[in-house]
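> Model the following, please.
(one chain, ligands or ions: 1)
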Amino acid sequence: MTMEFRPADRIGDLGVSEILTITARAQALRRDGRPVIILGAGEPDFDTPDHIKEAAIGAIRRGETKYTALDGSPELKRAIRAKFARENGLSFAASEVTAGAGAKQMLYNAMMASLNPGDEVIIPTPCWTSYLDIVRIAGGAPVPVPCPAEDGFRLTAEALEAAIAPRSRWLLLNSPSNPTGAAYGAEHYRPLIEVLHRHPQVWLMVDDMYEHIVYDDFRFVTPLALDPSLKPRCLTVNGVSKAYAMTGWRLGYAGGPAALIAGMAVVQSQSTSCPCSVTQAAAIAALDGPQDFLAARRDSFARRRDLVVTALNRIDGIDCRRPEGAFYTFASCAGLIGRTTPEGRVLQSDRDLCDWLLDAADVAVVPGSAFGLSPYFRISYATSEAELTEALARIAAACARLSR
Ligand code: PMP
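This is a model prediction of the structure:
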């Protein structure tokens with residue numbers, strides 16, 4: 001007799017992310033012939049630039065198709081260190097940088113390498129959902145700290161101080177943020193750094209994935225550059241997915257204290273080994289190569305942001321903050337909760353609204369509940385202006401059909 005599959009305790013009732021679930025439902029509707037517009041994906045719609053593709057093709061032709069050094073070839077590590085120095089003013093030794101299959105693997109390696117059961121990770125929310133589940137899989141305890149729209153979705157020094165406990169191991173910050181697009185300037189980071197100085201046992205993990213996608217006069221800054229004295233307890237995570245439209249290539253990297261970096265390499269050595277050799281060649285070209293195309297892409301994202309924010313704020317019942325970066329808007333739908341659909345259903349939650357928008361308006365957006373704050377919904381505007389215009393018109397028309 002075959003025993004039923006029994007998941008390990010560490011998996012418990014964790015499921016695949018809600019974002020993937022809604023996207024899968026939207027794709028199924030599309031296959032049925034429905035003209036669904038999906039505003040769920042967290043990836044740029046641009047293509048990977050040609051010079052990056054050519055570098056990968058060159059690597060294949062040269063036979064760079066074997067295992068490399070465990071957590072990145074020396075050449076990749078050189079390019080990563082040069083990037084940190086050039087763009088962030090951070091100086092790392094080769095033993096202080098590491099690379100793996102995406103920034104997600106960096107976060108995962110770091111949590112697996114550092115957390116003991118019950119160790120706490122302070123996570124400002126709304127946040128990218130993977131943070132919580134990575135911490136849980138690693139045996140830690142996520143401590144979500146609510147960061148309301150009134151605070152610009154940013155963590156305040158008071159909230160941080162209140163969240164720190166004897167088991168606090170990490171503070172995990174993400175700027176610009178997925179899902180809110182909110183970004184921390186020096187003036188936002190400094191008070192948090194002051195709190196950290198009072199609690200030397202708390203380490204700082206920063207996720208700078210959206211560094212290159214910032215708008216208007218916002219200046220990106222990373223905490224370690226503001227205060228180099230954090231170096232012995234700061235891990236700076238980044239990757240090529242978002243900046244260079246390379247989500248499928250899978251390469252992320254991090255800089256931090258050598259002992260932590262070595263622990264992360266141990267985790268990686270028994271899971272995925274080295275990042276893909278061909279991808280490493282592509283990433284070197286991305287990091288070393290021309291950066292001027294980023295400005296045009298930024299401008300294009302900024303126009304889309306303006307289009308989406310303006311259209312959302314024209315809808316009665318929706319309120320959307322103007323984000324500083326990333327390619328997401330996180331809008332409140334509090335004014336729509338309690339309204340009734342033409343089919344006679346009362347919308348009780350942001351999830352109800354998102355389900356209904358998919359059914360009634362053929363638009364897929366992700367409920368705030370997936371990121372830890374309701375009632376909100378996230379739009380990814382990494383799609384064409386034509387599609388965004390159509391999607392926002394559909395959302396507006398649908399919302400106008402709701403009755404009080
Ligand atoms: N951090 C944030 C905030 C993200 O939104 C994502 C991708 N959705 C990642 C990290 C992971 O990126 P990757 O693994 O593709 O490098």
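> going forward, measure contacts and count neighbours with C-alpha atoms only.
Will do.
> Right, and the ligand sits closest to which residue of the stretch 301-404 of the chain?
residue 326 (8.6 Å; C-alpha to the nearest ligand atom).
> Quick check, that residue in contact with residue 174.
No - at 10.6 Å, residue 326 does not count as touching residue 174 under the criterion of C-alpha atoms under 8 Å.
> returning to that earlier point: to what extent is the residue of the stretch 301-404 of the chain closest to the ligand buried, counted in neighbours?
Residues near residue 326, counting by other C-alpha atoms under 10 Å, number 32.
> give the contact list for it.
Neighbouring residues of residue 326 by C-alpha atoms under 8 Å, 6 or more residues apart in numbering: 176-178, 181, 210, 213-214.
> What segments of the stretch 301-404 of the chain are strands?
319-320, 328-332, 363-364, 366-367, 376-380 (DSSP state E, counting those that start in this stretch).
> does any part of the second one sit near the ligand?
No - residues of strand 328-332 contacting the ligand under C-alpha under 6 Å from any ligand atom: none, with a closest distance of 9.8 Å.
> For that strand, which strands pair with it and how are they oriented?
According to DSSP bridges, strand 328-332 forms sheet pairs with strand 319-320 (antiparallel), strand 376-380 (antiparallel).
> Secondary structure of residue 117: a helix, I assume?
No - counting by DSSP: H, G, I helix; E, B strand; the rest coil, residue 117 falls outside a helix, being coil.
> From residue 112, how far out is the nearest residue to it once chain neighbours are set aside?
Residue nearest to residue 117 in three dimensions, not counting chain neighbours: residue 139, with 4.8 Å by C-alpha to C-alpha, 6 or more residues apart in numbering. Per C-alpha to C-alpha, to the nearest Å, residue 139 is found 8 Å from residue 112.
> And the residue lying closest to residue 249 once chain neighbours are set aside, what's its pLDDT?
Spatial nearest neighbour of residue 249, chain neighbours left out: residue 279 (5.9 Å); criterion: C-alpha to C-alpha, 6+ apart. pLDDT, residue 279: 98.
> Measure how buried the nearest residue to residue 51 once chain neighbours are set aside is and give me the count.
The shortest distance from residue 51 to any non-neighbouring residue, by C-alpha to C-alpha, 6+ apart, is to residue 285 (7.1 Å). Neighbour count for residue 285, taken as other C-alpha under 10 Å: 20.
> Quickly find the element holding residue 285.
Under the criterion of DSSP states H and E, residue 285 resides in helix 277-288.
> in that helix, what's buried?
Within helix 277-288, the residues scored as buried using 16 or more other C-alpha atoms under 10 Å are 277-287.
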